[in-house]
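Participant: Give the three-dimensional model of this entry:
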Amino acid sequence: MAGTPDDVSRAMVRLLAEGDLDGIEALYDPDAVFVETSGVSTGWPSIRAALSGFVASGARLELKDAVTYEAGDLALVHWSWEVRFEDGGRLEGASAEVLRRNESGSWVFVIDNSDGADMIGRR
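Facilitator: As a prediction, this is how the structure comes out:
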């Protein structure tokens with residue numbers, strides 16, 4: 001159970017490193033939206049397909065600084081992050097995530113925009 005909105009992202013990093021897509025599913029609302037520069041995925045089957053590519057690449061995600069704003073059962077979280085690729089390459093960015101506290105009290109992604117501000121001006 002993710003007790004805080006930040007816990008969801010930390011769990012995501014751990015589960016991605018483990019390749020545990022079944023575990024990651026519990027971090028998302030069934031109708032969640034996952035946004036990245038290569039496209040938008042809606043609903044778990046589509047999100048799983050997008051994340052499968054990341055897991056298969058062997059890349060490692062590291063979260064840096066975060067800021068979180070809560071309003072009742074909603075939260076907005078921004079993380080700075082770095083991805084390290086097996087070939088030594090690196091990529092940095094920032095996310096924009098909207099989470100909701102569900103009936104069990106756990107936080108889940110409703111919108112997971114892994115590329116944050118890079119999406120401004122894209123459709």
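Participant: Ser9: what's it in contact with?
Facilitator: Ser9 makes contact with Leu63, Ala66, Val77, Trp79, Ser95, Glu97, according to CB atoms under 8 Å, 6 or more residues apart in numbering. Backbone N, C-alpha and C define where each C-beta goes, glycine included.
Participant: Keep only those of those that are in helices.
Facilitator: Per DSSP state H, helices hold no members of the contacts of Ser9.
Participant: tell me which of those residues is nearest to Arg48?
Facilitator: Glu97 (17.6 Å; CB to CB).
Participant: rewinding a little: which ones among the contacts of Ser9 lie within strands?
Facilitator: Judged by DSSP state E, the subset of the contacts of Ser9 located in strands is Leu63, Ala66, Val77, Trp79, Glu97.
Participant: Narrow those residues to those that are buried.
Facilitator: Ala66, Val77, Trp79, Glu97 (16 or more other CB atoms under 10 Å).
Participant: Out of those residues, which two sit at the greatest distance?
Facilitator: Largest pairwise distance in these, by CB to CB, is 9.6 Å, between Ala66 and Glu97.
Participant: which neighbours do those two share?
Facilitator: Joint contacts of Ala66 and Glu97 (CB under 8 Å, 6+ apart) are Ser9, Val77, His78, Trp79.
Participant: Which secondary structure state does the residue in the chain sticking out farthest from the centre sit in?
Facilitator: Largest separation from the mean C-alpha position in the chain: Asp87, at 23.0 Å (CA atoms, centre = their mean). The three-state assignment at Asp87 reads coil, by DSSP: H, G, I helix; E, B strand; the rest coil.
Participant: Closest one to Ala17 out of the ones in strands among the contacts of Ser9, please.
Facilitator: Leu63 (11.7 Å).
Participant: got the contact list for that closest one?
Facilitator: Ser9, Arg10, Val13, Trp79, Ser80, Trp81.
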